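Q: Fold the following.
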Amino acid sequence: MAAKKILKYVIFDIMRSRLIITYTLLLLVLSFGIIYLGRDITKATVSLLNIVLLIVPLVSIIFGTIHFYNSQKFIEMLLALPIKRSNIFWAEYLGLAVSLSIGFVIGTGIPLLAYGASVTGVYLLLTGIFLSFIFSGFAFLSAVINKDKAKGIGLSLMIWFYLSILFDGLVLMISLFFNDYPLENVILVLTALNPIDLARVMILLKLDISALMGYTGATFEQFFGSMMGTIFSIGFLLMWITLPALGALRLFNKKNF
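A: Down below sits the predicted model:
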């Protein structure tokens, strides 16, 4: 019961913050603008995908990290009460992730529904929700590891930079250096090791434009386009939600505030 009350308070508090309101309005304006100007819903979805894969992880991990540091006095007060640490952690984490997901769904979902959402649009919304939860977990993990706020934000930026930009460069280098070898299965595994790439592949395949993904496009379409591939993708996205959150919980239980 106490955990539910904390969760409601955290969601209510975050939803009132200027950053979440700005985040929601920014997505709303960008989504309406892209869909209206693009005219073609398929092209608009691709453009929205690129924005979602860039903005959602960045806002989730940075805002989440800042939120944790700003909530430390509140957390310390809760720790003085007869409430389990795990309940406090899950209330804070779920409050953050749910609030970010609501802001994303409102900002992106309303324009998609207004112009006729397709199955791809639904997958785009699910992808944004997954990424909100994943990078909220990374945010808490960064904050729990570092007592210093600047170091925590720095680590969060490094995680985002690695998964959003650097990882793709490393995969490209592997593809170029080992071009003479069959790398299809290797690329599949590497894709699963990055939630952003995994989300990108899922959406592009729903758009039936796998040719844009290079010479491994046929392999991606054959695997990720099947029911087994969908289960595999969702399973790995759930794993990416679980591991950072559990890691942060373990450290949170040992942390001295």
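
Q: Of all the residues in the longest helix along the chain, which ones are buried?
A: Assignment by DSSP state H gives helix 41-70 as the longest helix of the chain. Within helix 41-70, the residues that count as buried by 16 or more other CB atoms under 10 Å are 41, 44-49, 51-53, 55-68. Bear in mind the C-beta positions are built from the backbone N, C-alpha and C, glycine included.

Q: ok, now stretch 177-195?
A: Neighbour counts over stretch 177-195 (16+ other CB under 10 Å) mark 183, 187, 188, 190, 191, 192, 194, 195 as buried.

Q: Endpoint to endpoint, that stretch covers what distance?
A: Taking CA to CA, to the nearest Å, stretch 177-195 runs 24 Å from one end to the other.

Q: mind starting the numbering at 42 from now?
A: Understood, numbering begins at 42; the last thing we discussed is stretch 218-236.

Q: Which residues does it contact?
A: Stretch 218-236 has contacts (CB atoms under 8 Å, 6 or more residues apart in numbering) with 171-172, 175, 204, 208, 212, 215-216, 238-239, 242, 257, 260-261, 264, 273-274, 277-278, 281.

Q: ok, which stretches of the stretch 42-191 of the chain are strands?
A: Assigned by DSSP state E, counting those that start in this stretch, the strands in the stretch 42-191 of the chain number zero.

Q: low-scoring stretches of it, by residue?
A: 42, 79, 158 (pLDDT under 70).

Q: if we go to 80?
A: 42-44, 77-87, 156-162 (pLDDT under 80).

Q: One more: the stretch 192-298 of the chain?
A: Scanning the stretch 192-298 of the chain for pLDDT under 80 picks out the ranges 212-213, 215-232, 243-271, 273, 296-298.

Q: If we use 90, what do you get?
A: Scanning the stretch 192-298 of the chain for pLDDT under 90 picks out the ranges 206-234, 238-277, 294-298.

Q: ok, back up a step: export the buried residues of stretch 218-236 to CSV and tack on distance to residue 288 and secondary structure?
A: Formatted as CSV, the buried residues of stretch 218-236 follow (distance: CB to CB, whole Å; DSSP: H, G, I helix; E, B strand; the rest coil):
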residue, distance to residue 288, secondary structure
224, 30, coil
228, 27, helix
229, 25, helix
231, 21, helix
232, 22, helix
233, 18, helix
235, 17, coil
236, 15, helix
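
Q: residues contacting the residue nearest the centre of the chain?
A: Nearest residue to the geometric centre of the chain (CA atoms, centre = their mean): residue 172, 1.5 Å. By CB under 8 Å, 6+ apart, the contact list for residue 172 reads 93, 94, 97, 98, 101, 236, 237, 240.

Q: Go again with 10 Å.
A: If you count contacts by CB atoms under 10 Å, 6 or more residues apart in numbering, residue 172 has them with 93-94, 96-98, 100-102, 141-142, 145, 236-237, 239-240, 278, 281-282.

Q: do residue 100 as well
A: Residues counted as contacts of residue 100 (CB under 10 Å, 6+ apart) are 60-61, 63-64, 67-68, 141, 144-145, 172-173, 176, 201.

Q: let's see it at 7 Å
A: Listed by CB atoms under 7 Å, 6 or more residues apart in numbering, the contact partners of residue 100 are residue 64.

Q: What is the neighbour count of residue 239?
A: The tally of other residues near residue 239 (other CB atoms under 10 Å) stands at 21.

Q: Would you confirm that it contacts residue 277?
A: Yes - judged on CB atoms under 7 Å, residue 239 makes contact with residue 277 at a distance of 6.0 Å.

Q: ranges for the helices of this protein?
A: Under DSSP H, the chain gives helices at 43-56, 59-79, 82-111, 113-120, 126-145, 151-155, 160-186, 190-202, 208-218, 225-233, 236-247, 258-265, 268-295.

Q: From the rest of the structure, what touches the second one?
A: Contacting residues not belonging to helix 59-79 are listed as 55, 82, 85, 88-89, 92, 100, 104, 140, 144-145, 147-149, 151-152, 156 [CB under 7 Å, 6+ apart].
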